[in-house]
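Trainee: Let me see the structure of the following:
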Amino acid sequence: MARCPFAQWMPLPWSAGPYVAGPFKIVHHTTEGSTAAGAFNTYRQRHDIPHFTVDDQVIYQHLDTDVAATALAHPVGTVETNKHSAIQFELVGFAGKPKKKASLKNVGRLCRWIESTHGVPAVWPNGFPNPPVNGKDPGHHNRNETNWTTKGGHYGHCHVPVNVHWDPAYTSDEVAYVMSITAADAELVSEKEALPAMGARAVPRTSTHKTKPAQKARPGKRRRSAPKVRAK
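Mentor: Model (predicted):
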């Protein structure tokens, strides 16, 4: 089992099942809301979940990283996304706004643990995420499918093939800060107490056919606290 020792265990009963291909990679999302509680409510409604939710206080873990999460779109007949060894987290915040430094520090701590646990290189194969322009989608996102299927490393949601969202929209300074956090910063934090499961179902859901429209949510899909309505 792969559980982050300094995260609060808050299990959710939905997953995409086992991975089908590698290499391992880290996918950065933003919740498009201002609180972790709002993100949790969205997860309950939509069942599109990451492995982790991160804010300025806590790193919450919802799934063992040995199974796939469900936060990425995977239209029928397209390249695998969630199940392509994508370890995913949602950062509480907005793509179009600056991120809290304390939240980014937690992101860095989590990334160092994922990198060391799953052999993820500290590189961005599709480049850094494009920062927002006047709080909006800057466009021109590199979603190179060959890189996704062959290169481990860090990817924004904006870099994932067949997806249209533009988060996390980090600035270059935000990327630099996340990548500067050391493993020692993570190791200094003691293990947190586990929290109860948030779902009513005891058996994980397996789903290989997901869509995640940018503006209009379909039945059974997650609506975020503040929907990702940018043309992502």
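Trainee: going forward, measure contacts and count neighbours with C-alpha atoms only.
Mentor: Will do.
Trainee: Just the strands from this protein, written as ranges.
Mentor: Taking DSSP state E to define them, one finds strands in the chain at 8-9, 25-30, 52-54, 59-61, 86-91, 153-156.
Trainee: Can you tell me which of the ones you listed is most buried?
Mentor: Comparing those by mean neighbour count (mean count of other C-alpha atoms under 10 Å), strand 86-91 ranks first with a mean of 29.
Trainee: Which elements pack onto that strand?
Mentor: Here strand 86-91 touches strand 25-30, strand 52-54, going by 3 or more C-alpha pairs under 8 Å, 6 or more residues apart in numbering; DSSP states H and E.
Trainee: Partner strands of that strand, with direction?
Mentor: strand 25-30 (parallel), strand 52-54 (parallel) (DSSP bridges).
Trainee: quick one: contacts for Pro23?
Mentor: By C-alpha atoms under 8 Å, 6 or more residues apart in numbering, the residues touching Pro23 are His84, Ser85, Thr149, Thr150, Lys151, Gly152.
Trainee: Mind giving me the PyMOL select for these, buried ones only?
Mentor: Those of the contacts of Pro23 that count as buried under 16 or more other C-alpha atoms under 10 Å are selected in PyMOL with:
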select buried, resi 84+85+149+151+152
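Trainee: Present the contacts of Pro23 as a markdown table; the columns should include distance to Leu72 and pLDDT.
Mentor: Converted to a markdown table, the contacts of Pro23 look like this (distance: C-alpha to C-alpha, whole Å; pLDDT from 0 to 100):
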| residue | distance to Leu72 | pLDDT |
| --- | --- | --- |
| His84 | 11 | 98 |
| Ser85 | 12 | 98 |
| Thr149 | 15 | 98 |
| Thr150 | 18 | 98 |
| Lys151 | 18 | 98 |
| Gly152 | 17 | 98 |
